[in-house]
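Here's my sequence, what's the structure:
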Amino acid sequence: MGNENEFAINKATWERIPQEQRDWIMFETIQGINGRLRSLERWNKALSFTGGIIGGIAAALGVRFLG
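Purely as a prediction, here's the structure:
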């Protein structure tokens, strides 16, 4: 799931990059992080809901058969 636009910038390179290009790099990085965070939040909601259903079923079965 790698992004073909990923690259690493070291300190020396960063210092030579014009300010406008630095701003765009920062903007694109923040937008990428924001997209990944949204995706994680969707998965978290879906998995939490699924876990709640499984836990509810397990509790109901436990009460029925053990209690």
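
Which stretches in the protein count as helices?
11-16, 19-66 (DSSP state H).

can you put these in TSV and add mean pLDDT and mean neighbour count?
Where you see a C-beta, it was placed from the backbone N, CA and C, and this is true even at glycine. Shown next, in TSV, are the helices of the chain (pLDDT from 0 to 100; neighbours: other CB atoms under 10 Å):
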stretch	mean pLDDT	mean neighbour count
helix 11-16	90	9
helix 19-66	91	10
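
Could you check how many residues crowd around residue 10?
The local packing of residue 10 (other CB atoms under 10 Å) involves 7 other residues.

Quick one: distance of stretch 9-22 to the chain centre.
27 Å (CA atoms, centre = their mean, to the nearest Å).

Just the CA trace of that stretch, in PDB.
Coordinates of each C-alpha in stretch 9-22 appear next as PDB, following Å, rounded to 0.1, in the frame of the first residue of the first chain:
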ATOM      1  CA  ILE A   9      14.100  14.700   2.600                       C
ATOM      2  CA  ASN A  10      17.200  15.100   4.800                       C
ATOM      3  CA  LYS A  11      18.000  18.300   6.700                       C
ATOM      4  CA  ALA A  12      20.600  19.500   4.100                       C
ATOM      5  CA  THR A  13      18.100  19.100   1.200                       C
ATOM      6  CA  TRP A  14      15.300  20.800   3.200                       C
ATOM      7  CA  GLU A  15      17.500  23.800   3.800                       C
ATOM      8  CA  ARG A  16      18.100  24.200   0.100                       C
ATOM      9  CA  ILE A  17      14.500  23.900  -1.000                       C
ATOM     10  CA  PRO A  18      12.700  27.200  -1.700                       C
ATOM     11  CA  GLN A  19      10.100  28.200   0.900                       C
ATOM     12  CA  GLU A  20       7.200  27.900  -1.600                       C
ATOM     13  CA  GLN A  21       8.200  24.300  -2.300                       C
ATOM     14  CA  ARG A  22       8.500  23.600   1.400                       C
END
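
Cool, thanks, signing off.
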